[in-house]
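# Provided below for reference: sequence and predicted model.
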Amino acid sequence: MPVRKDDEVIVKRGAFKGREGKVTACYRLKWVIHIDKVNREKANGSTVAVGIHPSNVEITKLKLTHHRKAILERKDRSSKSDKGKGKISAADKAMQQMD
């Protein structure tokens, strides 16, 4: 699932590992996201958001929209249908032995 603004994430790699926060911006040109509690101080004293690559974070809470709900339902439905694939039931074994 792609990271979006207002998702809650936890940083898994890098200098800010373990920090949690809400995504404040997705900077698609630089392939980074900005998280509200991941800041550093500049030389003049002001704070600036540190860009973190989306592959280095884990989403802990989604901002659910109707589009995202549909994606999750689609993925859930496909995983349920794959559950029985490749398994031989007792009835199938009995039918094989009869032939």
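Good, I have the coordinates.
# strands of this structure, start to end?
8-11, 20-27, 32-41, 47-52, 57-61 (DSSP state E).
# direction included, what does the first one pair against?
For strand 8-11, the paired strands and their directions (DSSP bridges) are strand 20-27 (antiparallel), strand 57-61 (antiparallel).
# could the ones you listed go into TSV alongside distance to residue 46?
The way it works is simple: take the backbone N, C-alpha and C, and place the C-beta from them, glycine included. Formatted as TSV, the strands paired with strand 8-11 follow (distance: least, C-beta to C-beta, whole Å):
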stretch	distance to residue 46
strand 20-27	16
strand 57-61	24
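# got the contact list for the residue nearest the centre of the chain?
Residue closest to the average C-alpha location in the chain (C-alpha atoms, centre = their mean): residue 59, at 4.4 Å. With contact taken as C-beta atoms under 8 Å, 6 or more residues apart in numbering, residue 59 is in contact with 1, 3, 7, 8, 9.
# cutoff 10 Å now
Contacts for residue 59 (C-beta atoms under 10 Å, 6 or more residues apart in numbering) come out as 1, 2, 3, 4, 7, 8, 9, 10, 23.
# from those residues, which two are the most distant?
The distance between the two most remote of the contacts of residue 59 (C-beta to C-beta) is 16.5 Å, for 2 and 10.
# okay, the two: which has more neighbours?
residue 10 (15 against 9; other C-beta atoms under 10 Å).
# the longest helix along the chain: which residues count as buried?
Longest helix in the chain, counting residues (DSSP state H): helix 66-81. Buried residues in helix 66-81, counting neighbours by 16 or more other C-beta atoms under 10 Å, are absent.
# show me what that helix is packed against.
Here helix 66-81 touches no other helix or strand, going by 3 or more C-beta pairs under 10 Å, 6 or more residues apart in numbering; DSSP states H and E.
# circling back to that earlier point, give me the buried subset of the contacts of residue 59.
3, 7, 9, 23.
# quick one: which of those residues is nearest residue 67?
Nearest to residue 67 among the buried ones among the contacts of residue 59, with distances taken as C-beta to C-beta, is residue 7, at 13.7 Å.
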